[in-house]
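J.: kindly generate the corresponding structure for this input.
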Amino acid sequence: KGCLFKRQGSLQRHVNVVYLDQPVGAGYSFTKGLLGYAKDLNDVSSGVLEFLDQFITMFPEYRNRTFYVGGESYGARFTVAVSHAILKGKEPRVPLRLRGVILGAGFLGRLMKVADSSEFLYEMSLVTKEGRKSLAEIFADMRRKVRTLIGKLAALLRLKKTIFTSEKTPTVFQKLTGFNNQASALYSEKPVNMVQYEKYVQSDAFKRAVHVGRDVQFIEAEGKVSMSLKNDYLTDISHEIEDLLKSCKVLFYTGQMDTLFPSQNLQEYFRSLKWPGATEFRKAEPQHWKAYPSYRSVSGLVIRVRNMTDVVLFRAGHLTAVDEPDAANKMILNFIEGDAKAWETPDDAKTHEKRGSTEKG
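T.: Numbers count the residues shown, from 1 in each chain. As a prediction, this is how the structure comes out:
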C-alpha cells in the first residue's frame, strides 16, 4: 500500500548506517554543471572521502570507529574504489578504521563476461536454444569490439540495447524472454514493493522527513551520470579487489536467480582473483546455510576462507535485499560479527558437537 512499517530484522538495530546517494546525479543528489559529474572511480572515491571527512567533523563521536563500506550492483564497484582509497591513505585521510567491505551482486569482473546471461537464461528455460545462441553471439561480438578503442563505445551501446529493459523500444532481453524487468528469473515485472517505494520517495512527506527540498526529484539512474562514467565500464578493478582481500574482511554475495549478473559468472570471476587464500578458496566446498534455525528452507550457500566470505542467496535475484530481506540482513550481521557458528545449519552444529564428543572420548 506504500506505507512504512517497522522491520523486525534491521541492520539499524545493531549498527549505525549512513546511506549515501552517489555518485552525484543519483538519488536526490544533483549538480548544476557537467563538470560536477564523476568521470571515473577516482572522482567517486574523492567525493565520498570528502563527505566522510565533513561527516566526522560534524559528528566527532564517530571518529576512529570500526567502519564497513557496502554497495550493490554498480554500487559494489564504487565500494571497492572508496575502500581502496581509505586503505591506501588517500587524502583527505578519514579517521575511521576500515574493517570490512560488502559487495552485493556486484559489477566487479569484466563487463562483457559477467553480464553474459545467455547460458543462465537457457538453464532457467527463459530462452530457447535459438535465443541462447543469439545472445551468445551478441556477447561474443561485443567482446571482440571492446578490444579496440573505436569499438568500445559501440559495444556499450549494443549492451544497453541487449540486456536491460526499455519502455520505448524492447531490448533483446525483453524480446527473447517476454520479461519487462531485468532482475530475477522469478518475476517478469517490477515487484510491487519496488513500485510503491519509487512513489514514496517522491512524496512530500518523505522529503520532509529526510530534509530534501520539495522540488528535488529522486532519480535512480540519470543519463548524464552514465555517460560521464562510460570510460569506467570497461576498466578492470581486479587489482584493487585483490588488495582489499589481502588487507581486510570481504563479503561477496550474489543472487541465485540474478538475470543481470548471473551468480555463476561472478563465481568464476571470484575464482580468478589472486590473493593469499586463492588456492584454498578454489578447493573449498560450499556449505548450506540457514539464516535462522526456525527456517524450513535453506537460505543459501556459503564459503568462508580466511578473511573472505562468499554467499549465494537462494531465491534472490539482482535486488537481493528486496527479494530476501531477512536472509540478507542476517548474512551481513554474521559477516560483521565474525562468528563462524552463525553460518552453520542446525545439522552442521550437531555434527560438530558429535565429532567433538568422539574426539574427547
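J.: Gly70 - that's part of a strand, no?
T.: Yes: according to DSSP: H, G, I helix; E, B strand; the rest coil, Gly70 belongs to a strand.
J.: which pLDDT value goes with it?
T.: Looking at Gly70, its pLDDT stands at 98.
J.: please apply the same query to Asp347.
T.: pLDDT at Asp347 comes out at 62.
J.: and if you look at Asp326?
T.: Predicted confidence (pLDDT) for Asp326: 95.
J.: pretty sure it contacts Ala291?
T.: Yes: under the criterion of CB atoms under 8 Å, Asp326 makes contact with Ala291 at 6.1 Å. Any C-beta I mention is one placed from the backbone N, CA and C, and that applies to glycine too.
J.: give me the more crowded residue out of those two.
T.: Ala291 (22 against 16; other CB atoms under 10 Å).
J.: name the residues that touch the helix or strand where Glu137 lies?
T.: Glu137 belongs to helix 129-145 when elements are defined using DSSP states H and E. By CB atoms under 8 Å, 6 or more residues apart in numbering, the residues outside helix 129-145 that reach it are 112-113, 115-119, 121-122, 127, 151-152, 154-155, 158-159, 162, 172, 176-177.
J.: just those residues: which are in helices?
T.: Residues of the contacts of helix 129-145 located in helices (DSSP state H): 112-113, 118-119, 121-122, 151-152, 154-155, 158-159, 162, 172, 176-177.
J.: ok, of these, which come out buried?
T.: 112, 118, 121-122, 152, 155, 158-159, 162, 172, 176-177 (16 or more other CB atoms under 10 Å).
J.: tabulate the residues you listed (a markdown table), appending pLDDT and distance to Leu34.
T.: Conversion of those to a markdown table gives the following (pLDDT from 0 to 100; distance: CB to CB, whole Å):
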| residue | pLDDT | distance to Leu34 |
| --- | --- | --- |
| Met112 | 98 | 28 |
| Ser118 | 98 | 36 |
| Leu121 | 99 | 37 |
| Tyr122 | 99 | 42 |
| Lys152 | 95 | 21 |
| Ala155 | 97 | 24 |
| Arg158 | 97 | 25 |
| Leu159 | 97 | 23 |
| Thr162 | 98 | 28 |
| Val172 | 98 | 31 |
| Leu176 | 98 | 36 |
| Thr177 | 98 | 36 |
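J.: how far does stretch 201-215 stretch from start to finish?
T.: From its first residue to its last, stretch 201-215 covers 12 Å (CA to CA, to the nearest Å).
J.: what are the contacting residues of it?
T.: Taking CB under 8 Å, 6+ apart as the rule, stretch 201-215 contacts 28, 200, 216-218.
J.: isn't there a strand covering His288?
T.: Yes: applying three-state DSSP, one finds His288 inside a strand.
J.: I'd say it and Ser297 touch.
T.: No: under the criterion of CB under 8 Å, His288 makes no contact with Ser297, lying 10.2 Å away.
J.: between the two, which is the more surrounded one?
T.: Legend: neighbour count by other CB under 10 Å for His288 and Ser297, higher for His288 (15 against 10).
J.: for the more buried one, list each beta-bridge partner.
T.: Here His288 sits in beta bridges with Leu301, going by DSSP bridges.
J.: separation between it and Ser299?
T.: 8 Å (CB to CB, to the nearest Å).
J.: ok, Asp215 next?
T.: 42 Å.
J.: all strands of the protein, in order?
T.: Ranges of strands in the chain, per DSSP state E, are 66-72, 97-104, 249-255, 287-289, 300-305, 308-313.
J.: run a quick neighbour tally on Phe335.
T.: Phe335, neighbours per other CB under 10 Å, totals 24.
J.: nope, Leu244 is what I was after
T.: Leu244 has 23 nearby residues by other CB under 10 Å.
J.: dump the residue contacts of it.
T.: Leu244 sits in contact with 80, 83-84, 87, 101, 250, where contact means CB under 8 Å, 6+ apart.
J.: columns neighbour count, distance to Val15 and pLDDT on top of those, output as CSV?
T.: Output for the contacts of Leu244, formatted as CSV (neighbours: other CB atoms under 10 Å; distance: CB to CB, whole Å; pLDDT from 0 to 100):
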residue, neighbour count, distance to Val15, pLDDT
Val80, 26, 21, 98
Ser83, 29, 17, 98
His84, 22, 22, 97
Leu87, 16, 20, 94
Val101, 28, 15, 99
Val250, 24, 17, 99
